[in-house]
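Colleague: Turn this into a structure:
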Amino acid sequence: MEKEMRYFHEASLTDQEGRLRTMRIPVVQELARSGIDHLPKRFTRVPPTDRTSYTLNFPPVINVARLKEGSEADGRAAELARLASGVKEWGLVLVTEHGIGSSVLHGVRDAVEGFFGLSFEEKKRCVGSYASVDNLGYGRNFVRSDDQPFDWIDRLAMKAAPPGADGGLDVWPRKPPNFRELMQNYVSEARIVLDELLKALAEGLSLEKHCFVENFDPILSEINVRVNYYPPCPGPDRALGLTPHSDASSLTLLMEFGVTAGLQVLKSQEWVTIPRPKDSLIVVVGDLLEIMSNGRVKSPWHRAVAQSDGDRFSVALFYNPSPQTQIKPIENAPNKSNGYRKMIVGEYLQHYYRNAPQNEKRAILYAKD
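Modeller: Modelled structure (predicted):
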């Protein structure tokens, strides 16, 4: 018999008749706190989750300092080539020497752990939950059917840029009291890194340096923050922390901390666990950059696994042009047809979220020429 579930999130759901309604989803942190020793049925995946990956081949670790103009020429050229090669092969790279101070990163970690260290009631009192508005605040998202297996995850989502993007919603936790300040400091420094990487990647692909970054207005471009918390799971081989997906972003900057690495990427039909070197961050290509590059780089299909041996957290920053921006694919050679068409960012995002989650990477087909 299932242990009584007392704490729930609400998520928005459009039923088969097109009606918007809400669904109650058990709070996994509270299930873990209760000492549950079995995986509830709604979190169980059939067949069991395949967690095996044996490859010794991993994405490259890129030294961002070597990418900057003015650094040693031969070293910079080699690092640009490694960046382009890694992104083309994996859809992601790890980055070090990125210039984001360790105090900023530790501040984010302290803020996140402080928030999730609160009781459920205190979390609900200090931040809002908006199931029908992009699933902002504290809660859940990506629930589309009554029989969909739930992810073993709790989430916190905020719009960090541009100013006023949260529309006055109560999405920033008031506890810890410096949560927003610490997160905004991180976002400000991360934007600099993301712009540098967009320019460096264009160079590494032998494209005009500003062809990607010119889509990002310094005032109007968006950075959305999503904090993912994966508590210990009583049946990690039969659950997932996060359903397989590609990102509806241009670039995603991912910071992980906790007991183990949990990000996996599908490569050559095998799930590969991405390592987590000390002080490194993970940069993931999103669907919008795949469109801008005309398929030269592709967003990877990835997921997060569950674990039984402690807490794991990730903080994802999703970097996008403003929703009104029209992105235009880089033209291919004259003898090659273009794979993607011009696309309004907001139009693509609406399509993506209306259809997520999916069993395979299909949302991007909407942007095909």
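Colleague: what residue is smack in the middle of this structure?
Modeller: The residue lying closest to the centre of the chain (C-alpha atoms, centre = their mean) is Ala316, at 4.5 Å.
Colleague: Helix, strand or coil: sort out it for me.
Modeller: strand (DSSP: H, G, I helix; E, B strand; the rest coil).
Colleague: Please enumerate the helices of the stretch 201-350 of the chain.
Modeller: Along the stretch 201-350 of the chain, counting by DSSP state H, counting those that start in this stretch, helices occupy 287-292, 345-355.
Colleague: residues of the last one that come out buried?
Modeller: Under the neighbour-count criterion of 16 or more other C-beta atoms under 10 Å, helix 345-355 has Val345, Tyr348, Leu349, His351, Tyr352 buried. C-betas here are computed from N, CA, C, even on glycine.
Colleague: these two touch, right, His38 and Gly235?
Modeller: Yes: His38 is within contact range of Gly235, at 6.7 Å (criterion: C-beta atoms under 8 Å).
Colleague: Comparing the two, which residue is more hemmed in?
Modeller: Under the criterion of other C-beta atoms under 10 Å, the comparison of His38 against Gly235 puts Gly235 first, with 19 against 11.
Colleague: Look up the closest residue to that one, ignoring the ones flanking it.
Modeller: In this structure, Gly235 finds its nearest non-sequential neighbour in Leu39, 3.2 Å apart by C-beta to C-beta, 6 or more residues apart in numbering.
Colleague: now Tyr229
Modeller: Closest residue to Tyr229 apart from its sequence neighbours, by C-beta to C-beta, 6+ apart: Asp154 at 4.6 Å.
Colleague: Then Pro162?
Modeller: Leu220 (5.4 Å).
Colleague: That neighbour and Trp90: what is the separation?
Modeller: 30 Å (C-beta to C-beta, to the nearest Å).
Colleague: So for these two, which sits in the more crowded spot?
Modeller: Ranked by neighbour count (other C-beta under 10 Å), Leu220 and Trp90 place Trp90 first, with 23 against 15.
Colleague: per-residue confidence at Asp15?
Modeller: We have a pLDDT of 68 for Asp15.
Colleague: again but with Leu20, I slipped
Modeller: 76.
Colleague: just Gly128 next, same as before
Modeller: 92.
Colleague: Counting neighbours, what do you get for Ile192?
Modeller: As a burial measure, Ile192 scores 12 neighbours (other C-beta under 10 Å).
Colleague: Would you confirm that it belongs to a strand?
Modeller: No: assigned with three-state DSSP, Ile192 falls outside any strand and is helix.
Colleague: That one reaches Gly101, doesn't it?
Modeller: No: Ile192 is beyond contact range of Gly101, at 11.8 Å (criterion: C-beta under 8 Å).
Colleague: ok, of the helices of the stretch 201-350 of the chain, where does mean pLDDT dip lowest?
Modeller: helix 345-355 - the lowest mean pLDDT of the helices of the stretch 201-350 of the chain, at a mean of 94.
Colleague: same for it, what does it pack against?
Modeller: Helix 345-355 sits against helix 287-292, with contacts defined as 3 or more C-beta pairs under 8 Å, 6 or more residues apart in numbering; DSSP states H and E.
Colleague: Which residues does the helix it packs on contact?
Modeller: 211-212, 215, 246-251, 297-299, 320-321, 327-330, 340, 343, 345, 348, 352, 363-364, 367 (C-beta atoms under 8 Å, 6 or more residues apart in numbering).
Colleague: at 6 Å what do you get?
Modeller: With C-beta atoms under 6 Å, 6 or more residues apart in numbering as the test, helix 287-292 has contacts from Phe212, Ser246, Ala248, Ser250, Lys298, Ser299, Ile327, Pro329, Tyr340, Met343, Ile364, Ala367.
Colleague: got a winner among the residues you listed for most neighbours?
Modeller: Neighbour max across these (other C-beta under 10 Å) = Ser250, 29 neighbours.
Colleague: pretty sure it contacts Val285?
Modeller: No: with contact defined as C-beta atoms under 6 Å, Ser250 does not reach Val285; the gap is 8.2 Å.
Colleague: excluding its backbone neighbours, what's nearest Ser71?
Modeller: Leaving aside its sequence neighbours, Ser71 sits nearest to Ala65 (C-beta to C-beta, 6+ apart; 6.7 Å).
Colleague: quick revisit: what bridges to the closest residue to the residue nearest to the centre of the chain other than its chain neighbours?
Modeller: In this structure, Ala316 finds its nearest non-sequential neighbour in Arg226, 4.7 Å apart by C-beta to C-beta, 6+ apart. Beta-bridge pairing of Arg226 under DSSP bridges involves Ala157, Ala316.
Colleague: Pretty sure Arg226 sits against Ala157.
Modeller: Yes: Arg226 lies in contact with Ala157 (C-beta under 6 Å); the separation is 4.8 Å.
Colleague: between the two, which one's more packed in?
Modeller: The neighbour count for Arg226 versus Ala157, taken as other C-beta under 10 Å, is higher for Ala157 (22 against 18).
Colleague: Now do the end-to-end distance for stretch 269-276.
Modeller: End-to-end distance of stretch 269-276 (C-alpha to C-alpha, to the nearest Å): 22 Å.
Colleague: no wait, stretch 30-48
Modeller: Distance across stretch 30-48, first residue to last, is 24 Å (C-alpha to C-alpha).
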